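K.L.:
sharing a sequence plus its predicted fold:
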Amino acid sequence: MIRAILWDWGGVFNPQHETLNGYHTVAERYGFTPADFYAHLYSGSEWQQARIGALTSREYWGQIQQSLGVPGDLEAFVAELFAGEMLNPALVALADLLRTRHRSGLLSNALDDLETQLAERWQVAHLFDVVINSARVGVAKPNPRAFQLALEALGCEHDEVLFIDDKLRNIIAAQAFGITSIHYTTPAALLKALVKRTLLSEAESKRLLNRSGPEEK
């Protein structure tokens, strides 16, 4: 029996983050394709250090700003990078509904300001009973230790948790660890998978899907 839902953050709740829709303008400004710009941000040694807490958020973005040769205010630079980012209202509503029936956790490879972002920028901290932030715990997905920490925080066994993530490598790792998982692609596909697992009714699925934009269904 599923007792807890374990969510990923980037690419699930805020799809522009991973689909690159929010990066086109800023990537072009710095001479990158969106895919190459995303790789510049999240594939380098700076990110590998920051996501396990070896660099603070400010230190990380400062190094990225320097690598791009961008002068000026750091906060303004970061704000420009994420100007196109927004939450998917269907996913927020879904998490809000499921948390009334199951424990809810967030397992994210993130910077040390994730908790502040959840509480202050997005105002969704209430959706999660526990947050396992890689920068806080010093280990990132797909390392099995990250999933073990999530189970311990949720107080659940392997077969009592459903994990949702947009990165296939993390899904594969979770399944190898014994955690049932759904590879997130679209809200419609996720809702269908939850209905199939009887964690959601057809009526609830239809109502939630209406909250997504046409391009997200």
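P.N.:
Noted; the coordinates are in hand. Numbering: from 1, shown residues only.
K.L.:
okay, now the domains of the chain?
P.N.:
Listed domain ranges for the chain are 4-16+87-216, 22-81 (source: automatic domain parsing).
K.L.:
and these, which one is worst for confidence?
P.N.:
Lowest mean pLDDT within the domains of the chain: domain 22-81, a mean of 92.
K.L.:
follow-up on the earlier one: can I get the domains of the chain in TSV with mean neighbour count?
P.N.:
Where C-beta positions appear, they are placed from N, C-alpha and C, glycine not excepted. Below are the domains of the chain laid out as TSV (neighbours: other C-beta atoms under 10 Å):
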stretch	mean neighbour count
domain 4-16+87-216	18
domain 22-81	15
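K.L.:
the chain: helices as residue ranges?
P.N.:
In the chain, the helices defined using DSSP state H lie at 16-19, 24-29, 34-42, 45-50, 57-67, 74-81, 89-98, 114-116, 134-137, 144-154, 168-176, 187-196, 202-209.
K.L.:
just checking, what packs against the fifth one?
P.N.:
Read it as helix 57-67. helix 34-42, helix 45-50, helix 74-81 (3 or more C-beta pairs under 8 Å, 6 or more residues apart in numbering; DSSP states H and E).
K.L.:
okay if I get the ones you listed as TSV plus distance to T116?
P.N.:
Formatted as TSV, these follow (distance: least, C-beta to C-beta, whole Å):
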stretch	distance to T116
helix 34-42	19
helix 45-50	15
helix 74-81	13
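K.L.:
for Q123, which of the helices of the chain is the nearest?
P.N.:
Each of these has some distance to Q123 by C-beta to C-beta; the shortest is helix 89-98, at 9.8 Å.
K.L.:
just want the angle from the closest one to helix 187-196.
P.N.:
20 degrees (axes from the mean of the first three to the mean of the last three C-alpha atoms, to 10 degrees).
K.L.:
counting contacts, what elements does helix 89-98 pack onto?
P.N.:
strand 4-7, helix 187-196, helix 202-209.
K.L.:
for D113, which of the ones you listed is the nearest?
P.N.:
With C-beta to C-beta, the closest approach to D113 among the helices and strands packed on helix 89-98 belongs to strand 4-7: 18.3 Å.
K.L.:
partner strands of the closest one, with direction?
P.N.:
Paired strands of strand 4-7, with direction, are strand 103-108 (parallel), strand 161-165 (parallel) (DSSP bridges).
K.L.:
what sits up against the longest one?
P.N.:
Residues outside strand 103-108 that contact it (C-beta atoms under 8 Å, 6 or more residues apart in numbering): 3-10, 95, 98, 114, 118, 127-134, 141, 146-147, 150, 153-156, 161, 163, 165.
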